[in-house]
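A.B. asks: sequence first, then the predicted structure, then my questions.
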Amino acid sequence: MASEEYNLKCIVTGPPFVGKSSLLLQFCEKEFTNEMDTTVGVEFQTKSIEIDSTKIKLEIWDTAGQESFRSITTNYYRGSHIALLVYDITMRQSFQHLASWVQEVTTMSSPEIIIILIGNKSDMNEKRVISFEDGDKFAKAHNLLFFETCAKDYETVQKVFETGTRKVLNLIKEGKLTVVNKKPTNVQLTTPPPTPKKKNECCKIN
């Protein structure tokens, strides 16, 4: 892909063990594995895509959901254009405290951030404990976009990332969001977090 017109920052967040890293692996590499390592701190990937003839480079930050890493990972919300808040439809505990995660994202990021609520593991319907209607109701109450995904299914995952990116582009075109120098905002942190692990750079999609 030719030089990207915009670099956008996307944060993937939510409780632990809900499949955040699996979603990222599917989106970037079109792969799925049941042997994903637990994310420690923050991991980083990039992917170049094209939306409505506009070339975008997504910088995607996959954050650990464990409480012990929260003070580190919340620093990465700053300067983000898109936040994916993930829960597991088969694990009620992952849904019960989503309001605090929404508050955390909105407090630590800009007002223009696009937040997408994701109910993951939609292929495990026989083990479902959170209905689609419950997820949709929560999203509407907090003014979030809502999708259910399966990390084994590229199309459901791709749709989430492309929808969020398109929403950001619309804000830019409407003059409601300015991307300085077409790069994500650099943030100076009081206590710099550890250098995140960078996985293989991803291939483009059209």
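C.D. replies: Alright, I've got the coordinates. Numbering: from 1, shown residues only.
A.B. asks: quick check: beta-bridge partners of the residue nearest to Val105 when sequence neighbours are not counted?
C.D. replies: Nearest residue to Val105, sequence neighbours excluded (C-beta to C-beta, 6 or more residues apart in numbering): Ala83, at 4.9 Å. Where C-beta positions appear, they are placed from N, C-alpha and C, glycine not excepted. Under DSSP bridges, the beta-bridge partners of Ala83 are Ile11, Ile115.
A.B. asks: tell me where this protein has strands.
C.D. replies: Using DSSP state E, the strands of the chain run over 6-13, 42-51, 54-63, 82-88, 114-120, 145-149, 197-198.
A.B. asks: between those, which gets nearest to Glu104?
C.D. replies: Among the strands of the chain, the nearest to Glu104 by C-beta to C-beta is strand 6-13 (8.0 Å).
A.B. asks: residues making contact with the closest one?
C.D. replies: 20, 23-24, 54-63, 65, 73, 76-77, 79-86, 101, 105, 109, 161, 164-165, 168-169, 172, 179, 182-185 (C-beta atoms under 8 Å, 6 or more residues apart in numbering).
A.B. asks: now swap in stretch 158-171 and tell me
C.D. replies: 6, 8, 10, 23, 27, 47, 49, 51-52, 54, 56, 58, 81-82, 84, 112, 114, 116, 118, 145, 147, 149, 177, 205.
A.B. asks: same question for stretch 119-133.
C.D. replies: Identification of contacts with stretch 119-133 by C-beta under 8 Å, 6+ apart yields 18-20, 22-23, 86-92, 95, 135, 146-153, 156.
A.B. asks: who are the contact partners of Leu145?
C.D. replies: Contacts of Leu145 by C-beta under 8 Å, 6+ apart are Ile114, Ile115, Ile116, Leu117, Ala139, Thr163, Gly164, Lys167.
A.B. asks: beta partners for it?
C.D. replies: Ile116.
A.B. asks: what about it, distance to Met91?
C.D. replies: 21 Å (C-beta to C-beta, to the nearest Å).
A.B. asks: show me where this structure dips below the pLDDT cut-off.
C.D. replies: By pLDDT under 70, the low-scoring segments of the chain are 1-4, 35-41, 64-74, 180-206.
A.B. asks: go again with 80.
C.D. replies: 1-4, 33-42, 64-76, 179-206 (pLDDT under 80).
A.B. asks: for it, longest helix please?
C.D. replies: Criterion DSSP state H: the longest helix present in the chain is helix 154-173.
A.B. asks: okay, buried residues for it please.
C.D. replies: Across helix 154-173, burial judged by 16 or more other C-beta atoms under 10 Å covers 154, 156-158, 160-162, 164-165, 167-169, 171-172.
A.B. asks: any chance of those in CSV, plus distance to Glu31?
C.D. replies: Converted to CSV, the buried residues of helix 154-173 look like this (distance: C-beta to C-beta, whole Å):
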residue, distance to Glu31
Tyr154, 9
Thr156, 15
Val157, 11
Gln158, 13
Val160, 17
Phe161, 15
Glu162, 19
Gly164, 21
Thr165, 21
Lys167, 26
Val168, 26
Leu169, 27
Leu171, 31
Ile172, 31
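A.B. asks: having no further points to raise, I will conclude here.
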